[in-house]
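Got a predicted structure here, sequence first:
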Amino acid sequence: MKLYKANIIFTREKDQFEIVEQGYVGVDNGRVVGVAASADAFGKEVEDVIDYGDKLLIPAMNDMHVHAPQYRNQAISMDLELLPWLMNYTFPEEAKFSDPRYAARMYSRFVHDLWRFGTMRSVVFATIHLESTRLLMQLFRDAGMGALVGKVDMDRNAIDALHESIDEAVAKNEALIAEWNAPDSLVRPIITPRFVPSCSPAMLRACGKLAQKYQLPVQSHLSENASEIAWVKELEPESRNYGDAYDRYGLFGQTPTIMAHCVHTAGDELELMTRRNVMVAHCPTSNLNVSSGMAPIRTFLDRGVKVGLGSDISGGHDLSIMRMMVYAIQVSKMCYCRDKSKHFLTLSEAFWLATKSAGSFFGHVGSFEPGYEFDALVIDDADLNHDNYSLLHRLERFIYLGDDRNIAVRFCRGQEIPEPRLHN
Ligand code: GUN
Ligand code: FE
């Protein structure tokens with residue numbers, strides 16, 4: 001067993017931080033054995049003690065919704081709402097990923113930058129293309145970082161270059177599943193119908209069948225934007241709500257499911273989502289940038305709906321999940337201004353959303369409780385701690401003011417993760 005000594009901060013419950021000043025995390029075989037104030041608590045099995053001095057040691061970040069092929073579009077072209085934004089900016093960029101050399105250049109930078117910001121696990125949309133999706137998965141594997149990567153399935157209402165037949169989509173998914181679907185692997189496939197407007201009923205049915213047959217998780221988009229929701233009503237007139245349109249095809253909790261946005265989820269849809277244990281990927285910057293609205297996160301938490309945070313590059317402009325905590329808190333404060341019965345998110349809640357709550361989608365990830373995989377960040381906040389702040393205030397200042405330069409060391413599943421290589 002190895003011991004890591006530092007100022008340890010994590011959340012077991014959403015309402016409270018666990019803080020151990022100059023404490024130890026014991027790690028064996030990639031998993032946390034426990035946290036203690038003294039090394040003696042771990043007995044005689046200790047091989048090594050790594051002392052990080054006055055630095056902070058926190059669980060690593062999880063990005064629950066991000067589009068790797070939109071990395072070039074990060075922080076540009078946010079002047080349209082969702083549907084014209086997709087047509088004008090997003091689909092043309094994604095079409096470029098038919099070229100694996102372009103994909104290698106963009107995807108290696110994307111994986112590199114997730115590493116920079118301390119995101120050790122992600123739930124990722126790729127594109128419809130087999131070769132470049134395979135390459136993205138290989139880049140995650142080479143980096144040693146965890147990812148659920150979806151080859152995107154779509155066959156209507158986009159541009160011709162992004163439409164494919166159902167047979168092609170199924171064959172590509174099955175090729176990736178054959179190569180990548182090992183139960184303990186850090187990098188695995190996830191079934192990814194883009195969203196209802198992009199998928200014919202037959203495509204949705206095929207996706208549901210794949211999820212069922214291979215017992216794979218599912219990701220998509222849900223109730224992000226008013227025009228999108230109205231369109232889904234037209235396309236799927238028999239469905240009781242947007243969520244039900246996925247449910248009818250076995251894409252709503254039949255296997256572990258995560259839906260991005262859910263800005264306008266309420267009523268029957270919320271009830272179904274709760275019953276089906278569907279997780280929400282909350283993407284506050286994206287919801288601001290493409291003017292989708294403010295997701296009712298307090299309502300979700302009160303209902304017991306699981307929530308994680310997502311950057312949603314390039315609807316969102318910021319890859320930092322630390323910053324996503326800040327945006328989630330700020331947006332919740334605007335919701336609170338409209339309805340004082342919905343209390344805004346606290347710092348511990350936002351931290352818990354980004355770590356333990358999100359991490360549950362990957363298994364035991366996101367906490368330092370015994371049995372959790374050791375995904376961690378060592379934070380050097382010396383530049384921010386100029387006047388003996390408390391440990392909690394140091395964490396808060398890192399989240400609000402810090403950036404990738406404050407992340408000294410990154411661990412995923414017990415392994416220290418070195419800087420990934422860029423392909424130019
Ligand atoms: N809905 C369908 N595709 C997308 C996408 O690429 N980004 C966002 N934000 N919403 C979507
Ligand atoms: Fe998205």
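Yep, that arrived. Ligands and ions are numbered 1, 2, ... in the order given.

quick one: low-confidence parts of the stretch 301-424 of the chain?
Applying pLDDT under 70 to the stretch 301-424 of the chain flags no residue at all.

Quick check: residues of it near ligand 1?
For the stretch 301-424 of the chain, the contact set with ligand 1 under C-beta under 6 Å from any ligand atom comprises 312, 315. For every residue, glycine as well, the C-beta is placed using N, CA and C.

How about the stretch 101-250 of the chain?
Proximity of the stretch 101-250 of the chain to ligand 1 is confined to 194, 195, 221, 224 under the rule C-beta under 6 Å from any ligand atom.

for residue 403, what are its contacts?
Shown in contact with residue 403 (C-beta atoms under 8 Å, 6 or more residues apart in numbering): 117, 320, 322.

ok, and the most crowded of those?
Counting neighbours by other C-beta atoms under 10 Å, residue 322 comes out on top of the contacts of residue 403 with 28 neighbours.

Report the secondary structure state of the residue nearest the centre of the chain.
Nearest residue to the geometric centre of the chain (C-alpha atoms, centre = their mean): residue 64, 1.4 Å. What DSSP: H, G, I helix; E, B strand; the rest coil gives for residue 64 is strand.

Can you give me the pLDDT of it?
pLDDT for residue 64: 99.

That one against residue 361, yeah?
Yes. Applying C-beta atoms under 8 Å, one finds residue 64 in contact with residue 361, separated by 6.8 Å.

Overlap in contacts, those two.
With C-beta under 8 Å, 6+ apart, residue 64 and residue 361 have common neighbours 123, 258, 279, 308.

Am I right that the last one sits in a helix?
No. Using three-state DSSP, the assignment for residue 308 is strand, not a helix.

Any idea what it is bridged to?
Taking DSSP bridges as the rule, residue 308 bridges to residue 281.

for it, what are its contacts?
Contacts of residue 308 by C-beta under 8 Å, 6+ apart are 62, 64, 258, 279-282, 353-354, 357-359, 361.

thinking again about what came up before, out of the residues of the stretch 101-250 of the chain next to ligand 1, which are inside strands?
Cross-referencing these against strands under DSSP state E gives residue 221.

For the residues of the stretch 101-250 of the chain next to ligand 1, pick the one with the most neighbours.
residue 224 (29 neighbours).

Go ahead and confirm that residue touches residue 260.
Yes. When contacts are counted by C-beta under 8 Å, residue 224 is listed as touching residue 260 (7.1 Å).

if we can go back for a sec, can you put the residues of the stretch 101-250 of the chain next to ligand 1 in TSV and add pLDDT and distance to ligand 2?
Formatted as TSV, those follow (pLDDT from 0 to 100; distance: C-beta to the ion, whole Å):
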residue	pLDDT	distance to ligand 2
194	98	9
195	98	8
221	99	6
224	98	8
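
Using TSV, lay out the residues of the stretch 101-250 of the chain next to ligand 1 together with distance to residue 7.
As requested, those are arranged in TSV below (distance: C-beta to C-beta, whole Å):
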residue	distance to residue 7
194	43
195	43
221	39
224	39
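
Pick out whichever of the residues of the stretch 101-250 of the chain next to ligand 1 sits closest to residue 413.
Among those, residue 221 lies closest to residue 413 (C-beta to C-beta), at 28.8 Å.

And the closest residue to ligand 1 within the stretch 251-400 of the chain, how far from residue 251?
Nearest residue of the stretch 251-400 of the chain to ligand 1: residue 315, at 3.4 Å (C-beta to the nearest ligand atom). Applying C-beta to C-beta, to the nearest Å, the value for residue 315 to residue 251 is 21 Å.

try residue 257
7 Å.

Need the residues touching each of those two.
Common neighbours of residue 257 and residue 251 (C-beta under 8 Å, 6+ apart) are residue 218.

which two in the shared contacts of residue 64 and residue 361 are spaced the farthest apart?
Every pair of the shared contacts of residue 64 and residue 361 checked by C-beta to C-beta; the farthest is 123 and 279, at 9.3 Å.

gap between stretch 20-29 and the chain center?
Distance of stretch 20-29 from the chain centroid (C-alpha atoms, centre = their mean, to the nearest Å) equals 26 Å.

residue at max distance from the center of the protein?
Distance to centre of the chain, C-alpha atoms, centre = their mean, peaks at residue 44 (38.0 Å).

Kindly state the pLDDT recorded for that residue?
Reported pLDDT for residue 44: 84.

likewise residue 243?
If you check residue 243, the pLDDT there is 98.

Could you check how many residues crowd around it?
For residue 243, the number of neighbouring residues by other C-beta under 10 Å comes to 27.

Mind listing what's buried along the helix or strand it falls within?
Assigning secondary structure by DSSP states H and E places residue 243 in helix 242-247. Of the residues in helix 242-247, 242, 243, 244, 245, 246, 247 count as buried by neighbour count, 16 or more other C-beta atoms under 10 Å.

Can you name the helix or strand that residue 135 falls in?
When elements are assigned from DSSP H and E, residue 135 belongs to helix 130-143.

Packing partners of that helix?
Applying 3 or more C-beta pairs under 8 Å, 6 or more residues apart in numbering; DSSP states H and E, we find helix 130-143 packed against helix 100-116, strand 146-150, helix 166-180, strand 187-189.

one step back: for the residue farthest from the centre of the chain, what are phi and psi?
Torsion angles at residue 44 (phi, psi; degrees, to the nearest 10) stand at phi -100, psi 0.

Quick check: it vs ligand 1, distance?
Separation of residue 44 from ligand 1 (C-beta to the nearest ligand atom, to the nearest Å): 53 Å.

Thanks a lot, catch you later.
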